[in-house]
Every structure is written in C-alpha cells, then in structure tokens.
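Student: Any chance you could fold what I've pasted below:
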Amino acid sequence: MSRVSDHTAWVLPWALFLAAVALGDGLQRRIPNRLLLGTVIVLAVLYATGAGRLPWGTGIVPGLLGAAMALAALLVFYATGLMGAGDVKFAAVLGLALGWRPLLTIWAAASVLAGLHALLIVATRNTAWWAWLAPLLAGRRPAPAAPQQGQGARQPRLRPVPYGSYLAVAALALGPPLAALPAG
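Tutor: A predicted model of the protein is given here:
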C-alpha cells in the first residue's frame with residue numbers, strides 16, 4: 001500500500017474519533033477514558049509498525065513532545081477547576097497523534113472558538129434568549145450526588161465551555177490527517 005493510501009485509510013476513523021469527542025464533550029461535558037485509551041493504543045501500534053511514524057507523517061519524538069506539552073500546559077487549568085480532566089487528556093492524545101507544531105495551531109483555533117462560546121454566554125445571560133440558549137451552551141450535566149452522612153454538600157464545578165469539543169473541531173479542520181490530503 002502506498003503512503004498516500006495508508007494516509008487516506010485513516011481519515012474516516014480519525015474524523016469519527018474527533019466527532020465522538022466533540023459530541024460527547026459538547027452534549028455531556030464528558031470525554032470517555034475508554035475512547036482516549038483506545039486511541040492511544042491504536043497510535044502506539046501505528047508508531048511501532050510504521051518505523052516510528054504515523055501514516056500521516058507524525059514522528060514519535062514530535063508526538064511525545066506534543067503529548068508532554070499538552071499535559072504540562074493544561075494541567076494548571078485542570079488544577080484550578082477551569083478545565084475538565086478529559087479536556088487535558090484529549091489534548092495530550094492530540095499531541096501524540098499530531099505532534100507539537102500542529103497542536104499549537106489547533107490550541108489557538110480552539111481557544112478562539114471557546115472564547116466566543118464564553119462571550120455568547122456572558123452576552124445572553126440576562127436576555128430573553130437565555131432560556132433558549134442556556135441548555136445548548138451549558139450542555140447536560142448529571143445531577144449532583146447526594147451528600148454522604150456527615151459530609152457537606154459538594155457542588156459540582158461549572159464547566160460551561162466544552163474545550164474538548166473545540167479542540168476536536170479545530171483538529172478536524174486543521175490537523176494533518178485531513179489537511180494533508182491530496183486535492184481533487
């Protein structure tokens with residue numbers, strides 16, 4: 001199989017993976033660990049069988065640097081409650097799959113999209129539109145668990161912006177598996 005056909009064979013699975021992340025995070029504010037772990041396993045097998053390169057050209061060193069960079073940069077946002085753990089883990093998987101250079105462009109695009117989402121929340125919060133937009137913008141979250149006896153009620157952290165969804169959309173539009181497809 002040629003390099004181009006190796007590459008194009010992975011476009012649909014990659015797009016489906018990104019769509020699953022975008023929908024899961026957008027609707028439920030959850031990115032399943034099984035999905036991320038399964039993707040890491042597939043990437044590891046692809047690296048091992050492709051002489052340290054993925055079919056779309058990402059080398060193992062840039063991939064590992066991308067994953068480490070994502071973890072180092074985004075763990076701060078998780079620790080402060082501004083980002084969910086799934087967003088951080090997904091960014092690390094993107095880094096592993098795409099390398100650190102494309103990850104920077106994807107982060108920038110996703111941050112702009114997430115910022116627009118946040119501005120829309122702020123701009124419409126006290127308007128007649130809020131009743132209609134709030135469920136769309138905030139996603140569905142599970143009801144908080146009842147407090148255990150002897151413990152205070154712990155409020156779930158509010159994460160109204162699905163950063164993982166915006167990372168997935170940016171990766172779909174800008175990531176090498178799709179961006180490097182031959183024209184025509």
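Student: what residues are up against residue 59?
Tutor: By Cβ atoms under 8 Å, 6 or more residues apart in numbering, residue 59 lies in contact with 52-53, 99. (Glycine included, C-beta is placed from N, CA and C.)
Student: Next one: the one residue sitting closest to the centre of the chain, what pLDDT does it get?
Tutor: Here the mean C-alpha position of the chain is nearest to the C-alpha of residue 164 (Cα atoms, centre = their mean), at a distance of 3.3 Å. Looking at residue 164, its pLDDT is 96.
Student: so which helix or strand takes in the closest residue to it other than its chain neighbours?
Tutor: In space, and not counting its chain neighbours, residue 164 is closest to residue 25: 3.7 Å by Cβ to Cβ, 6 or more residues apart in numbering. Taking DSSP states H and E as the criterion, residue 25 maps to helix 11-28.
Student: Following element in sequence after that helix, please.
Tutor: Next helix or strand after helix 11-28 toward the C-terminus (DSSP H and E): helix 33-49.
Student: Now that next one - C-alpha only, CSV.
Tutor: Extracted in CSV, the C-alpha atoms of helix 33-49 (Å, rounded to 0.1, in the frame of the first residue of the first chain):
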residue,chain,number,x,y,z
ASN,A,33,-11.5,7.4,29.1
ARG,A,34,-12.1,4.3,27.0
LEU,A,35,-12.2,6.3,23.8
LEU,A,36,-8.9,8.1,24.7
LEU,A,37,-7.2,4.9,25.9
GLY,A,38,-8.2,3.0,22.8
THR,A,39,-6.9,5.8,20.6
VAL,A,40,-3.6,5.8,22.5
ILE,A,41,-3.3,2.0,21.9
VAL,A,42,-4.0,2.4,18.2
LEU,A,43,-1.4,5.2,18.0
ALA,A,44,1.2,3.1,19.8
VAL,A,45,0.6,0.2,17.4
LEU,A,46,0.8,2.6,14.4
TYR,A,47,4.1,4.1,15.7
ALA,A,48,5.5,0.6,16.3
THR,A,49,4.6,-0.8,12.9
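Student: Rounded mean pLDDT for it, please.
Tutor: Helix 33-49 carries an average pLDDT of 95.
Student: how about the helices in this structure?
Tutor: 3-8, 11-28, 33-49, 60-79, 85-98, 100-124, 130-138, 163-174, 176-179 (DSSP state H).
Student: Mind listing residues that contact the longest one?
Tutor: When contacts are defined by Cβ under 8 Å, 6+ apart, helix 100-124 is touched by residues 62, 65-66, 69-70, 91, 94-95, 98, 130, 133, 137-138, 160-163, 166-167, 169-171, 173-176.
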